[in-house]
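[1] can't give you the sequence, but here's the structure:
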């Protein structure tokens, strides 16, 4: 048997008083380099990738130009040990306001 009293935690709490909890959504901090360039910024991005086993070699070159990454880097991502056929393989994150 435990003789519990809420006054153990809240000494000024009286009969009929209520306790409430409110939360505030935290905003993540941004990380800048010494020149003020963003290394980690808040915002939304598109994640561009391919489905393993669905990438046709004729698309590899145009995709690499569009994403500004060498075709070897795309191939290396698709050949990673964790990749299985049908899995989405992320290649690059692109800012939502990047129209190019």
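    It's in. All values derive from a computational prediction rather than experimental measurement. Residues are numbered from 1 along each chain as shown.
[2] Run through the neighbouring helices and strands of the worst-scoring helix or strand of the chain on mean pLDDT.
    Least confident helix or strand of the chain, by mean pLDDT, DSSP states H and E, is strand 38-40 with a mean of 89. Contact analysis of strand 38-40 by 3 or more Cβ pairs under 8 Å, 6 or more residues apart in numbering; DSSP states H and E lists strand 31-32 as its packing neighbours. (C-beta placed from N, C-alpha, C; glycine too.)
[3] packing partners for the strand it packs on?
    For strand 31-32, the elements it packs on are strand 38-40, judged by 3+ Cβ pairs under 8 Å, 6+ apart.
[4] Other residues contacting the strand it packs on?
    Applying Cβ atoms under 8 Å, 6 or more residues apart in numbering, the contact partners of strand 38-40 are 30, 31, 32, 33.
[5] so can I have TSV of those showing distance to residue 13 and neighbour count?
    Below are the contacts of strand 38-40 laid out as TSV (distance: Cβ to Cβ, whole Å; neighbours: other Cβ atoms under 10 Å):
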residue	distance to residue 13	neighbour count
30	40	11
31	42	9
32	45	12
33	49	8
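[6] and of those, the nearest to residue 87?
    Within those, the smallest distance to residue 87 is 30.1 Å, found for residue 31 (Cβ to Cβ).
[7] Pairing partners for the closest one in the sheet, please.
    With DSSP bridges as the criterion, residue 31 is bridged to residue 40.
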